[in-house]
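**Student:** Quick one, fold the following:
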Amino acid sequence: MSNIRVHALAKEIGITSKELLIKLKELNIEAKNHMSTIDEKDEEKVRKLYSKGTKKDDSKVKESKNIDKKSHKNQNMKKDSHKEKIDHTSKSNNFNKKHKISNDTTDDEDILKHKRNINQKNLHKNKKNNANEQEEKKEYKPKDLSKKKPKKKQKNKDKSHDHSEEGPIKIKVPLTVKDFAEKTNQGISAVMTKLIGLGVMANQNQSIDEDTCILLADELNVQIEIDKDDESEITIEEKFGLLKEDKERDLKLRAPVVTVMGHVDHGKTSLLDVIRKSHVTAQEAGGITQHIGAYTVNLKGKKITFLDTPGHEAFTSMRLRGAQTTDIAVLVVAADDGVMPQTVEAISHAKSADVPIIVAITKVDKPDANPERVKQELMNYNLVSEEWGGSTIMVAVSSKTKEGIDELLEMILLVAEMQELKANPNRLAVGNIIEANLDKSKGPMATVLVKNGTLRSGDYVVSGVCYGRVRAMVDDKHRKIKKAGPSMPAVILGLSDVPNAGDLIYAVKDDKTAKTISEKNAELARDERLSNTNKISLENLFAKIKEDEMKELNLVVKADVKGSVEALIQSLLKLSNDEVKISIVHSGVGGINESDVTLASASNAIVLGFNVRPNINAIDLAKNEEVEIRTYRVIYDILNDIEKAVKGMLEPTIVEEIMGRCEIRQIFKLPTNNIVAGVYVLSGKILRNSKVKVLRDDVVIHEGDISSLKRFKDDVKELPTSYEGGLMIDGFNDVKEGDLLESFILKEVKKD
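**Tutor:** Coordinates of the predicted model:
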């Protein structure tokens with residue numbers, strides 16, 4: 001037997017909900033309202049209490065009901081045989097009925113007199129008699145209402161009172177205030193007045209949740225029942241069988257997913273470079289990994305998938321997401337630095353994800369390296385080396401000399417073997433979105449790590465509100481592939497929109513299913529958004545008034561990928577203090593455009609760009625609207641600048657002054673393997689002694705110096721607007737037709 005609601009038990013016993021609530025209070029049984037539930041023991045107590053004293057009463061009630069039925073039949077017979085008489089003498093009959101009943105029931109008359117006194121005080125004289133007549137009908141004919149007796153149509157005013165006799169009104173949540181008023185036959189103004197009394201500020205089109213509906217029903221003396229369909233309790237995943245369990249015989253061993261975590265510059269990416277024999281560090285700004293990368297390596301016929309999560313504190317959310325998708329965490333600690341703040345943070349993330357930790361002590365080739373000190377420091381965080389009697393595997397490695405690399409990989413495979421990691425490759429795929437971005441030519445792109453099943457080119461997929469068909473798949477080595485099995489990363493194309501990093505992605509049987517799930521997810525997201533009503537109380541009312549007086553720094557944040565946007569927002573919000581509140585007006589992926597500047601102008605905000613640049617129209621509009629646009633390539637600079645500005649300690653800084661922009665129209669290859677870019681100056685002027693940024697789809701792909709600038713065959717110092725010429729970029733040849741070059745000089749600006 002499951003728990004029962006108060007109103008349902010009251011109905012079974014044969015008493016009102018209010019009477020039962022009073023009795024429950026006497027018995028010290030907790031029940032706030034008629035929708036509250038009570039357990040089996042309390043239910044038995046109540047039933048025993050009423051079964052002793054109500055048996056005799058029940059027999060009387062049955063007898064009275066039988067009498068009522070007979071009287072009903074007689075009345076109906078009379079009405080059918082004398083319709084004309086009833087029409088002409090309805091007034092006198094009504095009077096006689098009232099007269100007879102009043103003689104029989106003296107107790108009801110006392111109640112009626114009491115109610116008349118109340119109505120005389122509150123109502124106008126012209127409405128008094130009508131109201132009393134309605135009350136008389138209710139008080140004297142409670143049983144007549146329960147029968148389907150032919151009678152005149154009732155007014156709308158009586159409808160709300162009929163529900164108490166018919167039973168509770170079924171309501172599906174969340175629903176709007178207007179819908180609640182219509183379902184309960186209440187006026188919208190009355191409902192909204194009660195809501196304000198409950199401390200809920202909501203308009204008629206705003207949704208209210210289950211708790212608010214129950215409180216509102218109590219205030220309006222309306223019995224409601226929250227209608228919870230079987231489908232509403234079933235998740236979308238369960239309904240469509242997206243997370244069905246696999247049979248043991250279908251499971252096969254899969255590769256372990258390893259996350260490399262640790263402090264800034266402790267050698268995570270360099271360690272991975274040695275393992276997968278590539279060079280990614282040089283491509284990252286400041287040698288710091290800015291995005292999550294997933295790579296697969298082979299060792300003695302076995303595969304290991306590595307997730308390279310950025311190490312600095314700003315990318316907390318990205319690193320946490322990496323830990324949630326991993327099987328083994330490799331904690332990188334430099335032998336010369338020891339345990340640092342991000343190291344501690346990485347330990348807590350790995351422990352919260354409940355994954356085994358392997359410690360890689362890096363930079364052991366350095367003269368001041370002290371691996372024993374690192375082991376001692378890690379003991380403070382319950383990571384005790386196996387050598388010292390603990391259970392944590394610790395390996396000393398060097399990215400330069402390649403010392404301990406093979407041992408580390410063997411330890412990873414050993415731990416994976418002990419975990420017995422298995423998946424079913426012969427089912428529809430389930431995976432995680434590791435990263436997602438919008439490519440101008442290819443559309444939405446998502447890096448997927450398959451957790452179970454096999455993702456194939458041509459599969460229909462859905463992730464949150466995004467759905468589509470996999471048009472193409474590329475592996476971590478940028479090779480086109482047709483399928484990706486368990487623990488394999490792949491970049492996919494074909495989604496309707498950019499999914500959220502960290503979301504699950506499912507392969508489904510057809511396009512219709514994908515679209516249906518997407519629509520359901522969108523509906524759930526909308527309901528959740530509407531349910532967030534602004535509740536007001538005395539505690540937070542003063543705080544809100546006080547906040548209006550404090551200074552606010554509004555920011556518009558744009559970055560090249562979603563992961564960077566999330567992490568940047570999280571870090572910026574932490575910089576708020578008592579004097580200045582930081583507010584993110586808007587955030588998004590892609591270059592800075594006119595709408596961003598317009599929004600910043602309207603909200604008096606600063607535009608921050610991370611790895612993106614504003615287009616020409618946005619720059620012009622920013623000048624006219626006097627909106628400040630700041631662009632960065634390393635996240636530390638953003639946080640340092642904002643922190644100093646918030647504290648009012650911003651020192652004279654070096655800023656970029658844009659001199660001009662040009663477009664690459666043609667590429668010329670020289671015998672020396674150097675590339676000359678044939679350019680057309682779009683605005684400003686290009687200076688030979690200036691620095692230059694190479695922009696592709698408004699995203700910075702390189703920053704360097706102009707080594708040569710020519711007009712025809714002559715060397716020139718500058719190229720003005722609308723002129724054509726050729727230039728070479730020092731140490732960079734990966735330019736393409738259509739790329740934009742931005743000439744700028746560094747200038748020192750003093751604080752006002």
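
**Student:** Just the C-alphas of stretch 20-38, formatted as CSV.
**Tutor:** Taking C-alpha atoms only, stretch 20-38 is exported to CSV below (Å, rounded to 0.1, in the frame of the first residue of the first chain):
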residue,chain,number,x,y,z
LEU,A,20,-9.8,15.3,8.8
LEU,A,21,-7.0,17.9,9.0
ILE,A,22,-8.2,19.1,12.4
LYS,A,23,-8.3,15.4,13.6
LEU,A,24,-4.8,14.8,12.2
LYS,A,25,-3.5,17.9,14.1
GLU,A,26,-4.9,16.4,17.3
LEU,A,27,-3.2,13.1,16.6
ASN,A,28,0.2,15.0,16.0
ILE,A,29,0.2,13.8,12.3
GLU,A,30,1.8,16.3,9.9
ALA,A,31,-0.5,17.4,7.1
LYS,A,32,-0.4,21.0,5.7
ASN,A,33,-3.4,20.8,3.3
HIS,A,34,-5.8,18.5,1.5
MET,A,35,-3.1,17.5,-1.0
SER,A,36,-0.6,16.3,1.7
THR,A,37,0.1,12.6,2.0
ILE,A,38,0.1,10.4,5.1
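
**Student:** Show me how far it is from its chain's centre.
**Tutor:** For stretch 20-38, the separation from the chain centroid amounts to 37 Å (computed by Cα atoms, centre = their mean, to the nearest Å).

**Student:** Stretch 243-257 too?
**Tutor:** 29 Å.

**Student:** Any stretches of this protein with poor pLDDT?
**Tutor:** Counting by pLDDT under 70, the ranges of the chain that qualify are 1-2, 52-167, 228-239, 278-293, 308-324, 527-551, 579, 646-653, 749-752.

**Student:** domain parsing for it?
**Tutor:** Following the TED database, one finds the domains of the chain at 4-50, 169-231, 250-423, 430-529, 548-649, 653-749.

**Student:** Ok, which of the ones you listed comes nearest Phe240?
**Tutor:** domain 430-529 (6.1 Å; Cβ to Cβ). For the C-beta atoms, the positions are set from N, CA and C on the backbone; glycine is no exception.

**Student:** Tell me the gap between the closest one and the middle of its chain.
**Tutor:** Taking mean C-alpha positions (Cα atoms, centre = their mean), domain 430-529 and its chain are 17 Å apart.

**Student:** So the most centrally placed residue in the chain: helix, strand or coil?
**Tutor:** Nearest residue to the geometric centre of the chain (Cα atoms, centre = their mean): Ala525, 8.2 Å. For Ala525, the secondary structure call by DSSP: H, G, I helix; E, B strand; the rest coil comes out as helix.

**Student:** Leaving out chain neighbours, which residue sits closest to Ile328?
**Tutor:** Residue nearest to Ile328 in three dimensions, not counting chain neighbours: Val258, with 4.8 Å by Cβ to Cβ, 6 or more residues apart in numbering.

**Student:** Go ahead and confirm that neighbour touches Val332.
**Tutor:** No. Under the criterion of Cβ atoms under 8 Å, Val258 makes no contact with Val332, lying 11.6 Å away.

**Student:** okay, the two: which has more neighbours?
**Tutor:** Val258 (27 against 24; other Cβ atoms under 10 Å).

**Student:** Name every strand pairing with the strand or helix carrying that one and say which way it goes.
**Tutor:** Element membership for Val258, per DSSP states H and E: strand 257-262. Using DSSP bridges, strand 257-262 pairs in its sheet with strand 302-308 (parallel), strand 328-334 (parallel).

**Student:** Of these, which is nearest Met35?
**Tutor:** Among the strands paired with strand 257-262, strand 328-334 comes nearest to Met35, with 45.8 Å by Cβ to Cβ.

**Student:** buried residues in the following helix or strand past the closest one?
**Tutor:** Under the assignment DSSP H and E, the closest C-terminal helix or strand after strand 328-334 is helix 341-352. Within helix 341-352, the residues that qualify as buried are 342-343, 345-347, 349-350, counting by 16 or more other Cβ atoms under 10 Å.

**Student:** Lys562 against Val589, yeah?
**Tutor:** Yes. The pair Lys562 and Val589 qualifies as a contact (Cβ under 8 Å) at a distance of 5.6 Å.

**Student:** And the longest strand anywhere in the chain, what does it pack against?
**Tutor:** Assignment by DSSP state E gives strand 653-669 as the longest strand of the chain. Here strand 653-669 is seen to pack against strand 675-684, strand 686-687, strand 740-749 when contacts are counted using 3 or more Cβ pairs under 8 Å, 6 or more residues apart in numbering; DSSP states H and E.

**Student:** so which of the buried residues of helix 341-352 comes closest to Asp336?
**Tutor:** Thr343 (13.3 Å).

**Student:** All set, thanks.
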